[in-house]
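1. Sequence plus the predicted model coming up.
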Amino acid sequence: MDYGYLDRNVAQVRERIKAAEASVGRSTPVTMVAAVKYADIGEINYLHDVLGVNDIGENRVQQLLEHYEGLNDKNINLHFIGTLQTNKVKYIADKVCMIHSVDSVKLAKEIDKQAKKCGRVMDILVEINSGEEESKSGVLPSEAEALCMEISVLENIRLRGFMTMAPRCDKKQDYLNFFGQTYAQVLDIWTKKLHNIDVPIISMGMSESFEEAIASGADTVRIGRCLFVK
């Protein structure tokens, strides 16, 4: 199988990330999570084994399980980035390094329960529906602080930061405005209420918006489409 398009696309995205980091004087590297919703296992293994992409993002539990069986290296960093139902947590609790999409106390408690069964502490991000779009999951911005406080006391999960998806924007400035507002809000929550926890991870920005997200403070971006264009 010729995966030359992956070589080309990953190199281009990495260069764009470096340029975005440099434009804001960022001293620590941004984490690129490869969103593999439309990838096959051959592409995933090539990304990791050949191109050194260590962070893989899965949107669906069933697909994660199918991909997991075919991974050459089970120690790869698997992130769950899609909507997660409580009854599916048990299937991934021993496989993923982080869950990006926690938006309720109920889900957090189930993750806590399943992580305890596995003898581990699960890193999580609170997903904020910053655009308040009915079609998207995530806690409303006005409810984010209360949710963080409720779940921060659970023993087998570790609140690491926040994730958000931007509404589709036509202009780069609109993305900058959106991400800037989100960054200010989550940093406010963190510094006022969760200051005893490490510096927060802020996961925002995808193929069409990751440069604007980095300019606005994101340290994790989720890239799918850009990587798999043939």
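-> Sure, I can see it.
2. With adjacent residues omitted, what lies nearest to Lys88?
-> Distances taken as CB to CB, 6 or more residues apart in numbering put Val61 closest to Lys88, at 4.3 Å, once the chain neighbours are dropped. Just so you know, the C-beta spots here come from the backbone N, C-alpha and C atoms, and that holds for glycine as well.
3. need the helix or strand of the protein with the lowest average pLDDT.
-> Lowest by mean pLDDT, DSSP states H and E among the helices and strands of the chain is helix 172-193, with a mean of 87.
4. So which bits of that helix are buried?
-> Buried positions in helix 172-193, judged by neighbour count with 16 or more other CB atoms under 10 Å: 175-176, 178-179, 182-183, 185-187, 189-190.
5. cool, stretch 154-168 as well?
-> For stretch 154-168, by 16+ other CB under 10 Å, it's 154, 156-166.
6. now the helices: where do they sit in this protein?
-> For the chain, helices defined by DSSP state H occupy the ranges 4-23, 41-49, 61-70, 89-92, 105-117, 141-151, 172-193, 210-215, 225-228.
7. most packed of those helices?
-> helix 210-215 (a mean of 24; mean count of other CB atoms under 10 Å).
8. Report the mean confidence score over it.
-> Taken as a whole, helix 210-215 has a mean pLDDT of 96.
9. Where does pLDDT dip in the protein?
-> The chain contains residues with pLDDT under 70 at 131, 133, 135, 193-197.
10. can you put the helices of the chain in TSV and add distance to Ser130?
-> Formatted as TSV, these follow (distance: least, CB to CB, whole Å):
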stretch	distance to Ser130
helix 4-23	20
helix 41-49	29
helix 61-70	25
helix 89-92	24
helix 105-117	19
helix 141-151	6
helix 172-193	5
helix 210-215	12
helix 225-228	21
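11. who wins for proximity to Ala35 among those helices?
-> Closest of these to Ala35 is helix 225-228, at 8.0 Å (criterion: CB to CB).
12. Run the chain-centre distance for the closest one.
-> How far helix 225-228 lies from its chain's middle: 16 Å, per CA atoms, centre = their mean, to the nearest Å.
13. elements contacting it?
-> helix 4-23 (3 or more CB pairs under 8 Å, 6 or more residues apart in numbering; DSSP states H and E).
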